[in-house]
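> sharing a sequence plus its predicted fold:
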Amino acid sequence: MSKAKIVVTRRWPDEVEARLHDRFDTVLNEADEPMSNEQLRAALREADALLPTVTDRVDAAVLSEPDRRARIIASYGVGFNHIDLAAAEAAGLTVTNTPDVLTDCTADLAITLLLMVARRTGEGERHVRAQAWSGWRPTHMMGTSVTGKTLGLIGMGRIARAVAQRAAHGFGMRIVFHDPFPPDAAQLEGLNATACKSPEAVFEQADFVSLHCPGGKQTYHLIGAAAFAAMRPDAFLINTARGDVVDEQALIEALEKGEIAGAGLDVFEHEPRVSPELLGLENVVLLPHLGSASRETRVAMGMRVLENLEAFFAGDVPRDKLV
Ligand code: DGY
């Protein structure tokens, strides 16, 4: 039986690419440059499966390709706001993602950002590297303590709960959260977590606000001027979710006006562009979308795509079918 043909839009870890080559007629993007809309449409025309990542925009225009051969879009990543799911479903395409395997890794990074921004570690490192450090003194670069503080979570899915677990057990933090679709009591057990009826109720109480909601139309600019006004002036915002959940211009204004104390950001509204104003602010920690970027996790994500594809081409329902 001939192998199904797949197009992979970016380079993946070697061992995953080797497995893909074993099982499928695999076309890699050797240059590892983002593919254009026309290249994505060509892939849909020429292959049985498209394997995009979270930075490929698989929108209605791409999906409207009339001579489509592809029957499945097996995406590498948990987020799926880069794919027009309604258009994919209407076109009869199956779409899968890679949940679970990146939960711990992303939660670790949210805690990294929280600690970095609270304890001014980015600033401290720049200070040492610039050879500006003149020695220890009681008032030098005082940050904010984390232990025992209140962590506010917007969204209480898998990653948020993994963050809560680390914060509650590692740092004795109290957790408050808002989620329109809250998890059941069993999933909250041992997390020291209290549900709030609105995001505002979270903002009022939290020393740290960490975002864990999906991106897309529903949450676009959820965190804007009104949210910053509702947050405490000593609060920090942490974003490992999606950049456009935050109105980046409103965030800059809130930071400049001292409406909040700082921000730890792994995602940006116009990635990979970062607003120049953010680059100049010392009370902001900036990372290049590293949430799932551990070697083990990136391999596991690839293997999960492989599992979804194998199920699909064997005629089964893939474990991570979205539509
Ligand atoms: C995702 O998977 O959605 C992340 O943003 C990339 O790991």
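Now that the structure is in, tell me what you want to look at.
> show me what from the stretch 1-150 of the chain comes close to the ligand.
By C-beta under 6 Å from any ligand atom, the residues of the stretch 1-150 of the chain that approach the ligand are 54, 77-79, 102. To be clear about C-beta, it is placed using only N, CA and C from the backbone, and glycine gets the same treatment.
> what subset of those is buried?
Neighbour-count burial (16 or more other C-beta atoms under 10 Å) applied to those gives 54, 77-79, 102.
> same list (those) but as a markdown table, adding pLDDT.
Converted to a markdown table, these look like this (pLDDT from 0 to 100):
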| residue | pLDDT |
| --- | --- |
| Val54 | 97 |
| Gly77 | 98 |
| Val78 | 98 |
| Gly79 | 97 |
| Leu102 | 98 |
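> and Met1, what pLDDT?
pLDDT for Met1: 75.
> before we move on, what about Ser75?
Ser75 is given a pLDDT of 98.
> ok, it - contacts?
Counting by C-beta atoms under 8 Å, 6 or more residues apart in numbering, Ser75 makes contact with 51-54, 58, 82-83, 95-98, 305.
> narrow those residues to those that are buried.
Counted by 16+ other C-beta under 10 Å, the contacts of Ser75 give 51-54, 58, 82-83, 95-98, 305 as buried.
> which among those residues gets closest to the ligand?
Val54 (4.6 Å; C-beta to the nearest ligand atom).
> on that earlier part again, quick one: which of the residues of the stretch 1-150 of the chain next to the ligand sit in strands?
Using DSSP state E, no member of those sits in strands.
> circling back to that earlier point, let's have the contacts of Ser75 in JSON lines, adding secondary structure.
Listed next are those as JSON lines, based on DSSP: H, G, I helix; E, B strand; the rest coil:
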{"residue": "Leu51", "secondary structure": "strand"}
{"residue": "Pro52", "secondary structure": "coil"}
{"residue": "Thr53", "secondary structure": "strand"}
{"residue": "Val54", "secondary structure": "coil"}
{"residue": "Val58", "secondary structure": "strand"}
{"residue": "His82", "secondary structure": "coil"}
{"residue": "Ile83", "secondary structure": "strand"}
{"residue": "Val95", "secondary structure": "strand"}
{"residue": "Thr96", "secondary structure": "strand"}
{"residue": "Asn97", "secondary structure": "coil"}
{"residue": "Thr98", "secondary structure": "coil"}
{"residue": "Val305", "secondary structure": "helix"}
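> next, Ile73: phi, psi?
For Ile73, the backbone dihedrals (degrees, to the nearest 10) come out as phi -110, psi 110.
> so what's it bridging to?
Beta bridges link Ile73 to Leu50, Val95, judged by DSSP bridges.
> what residues are up against it?
49-52, 58, 83, 88, 93-96.
> and the helix or strand encompassing Cys105, what other elements does it pack with?
For Cys105, the element it lies in under DSSP states H and E is helix 103-118. Secondary-structure packing of helix 103-118 (3 or more C-beta pairs under 8 Å, 6 or more residues apart in numbering; DSSP states H and E): helix 158-171, strand 208-211, strand 236-239, strand 262-265, strand 284-286, helix 295-313.
> mind listing what's buried along stretch 235-254?
Applying 16+ other C-beta under 10 Å to stretch 235-254 flags 235-248, 250-252, 254 as buried.
> got phi/psi on the residue in the stretch 101-250 of the chain positioned nearest to the ligand?
Distances between the stretch 101-250 of the chain and the ligand by C-beta to the nearest ligand atom are smallest at Leu102, namely 5.5 Å. Dihedral pair for Leu102: phi -110, psi 10, per degrees, to the nearest 10.
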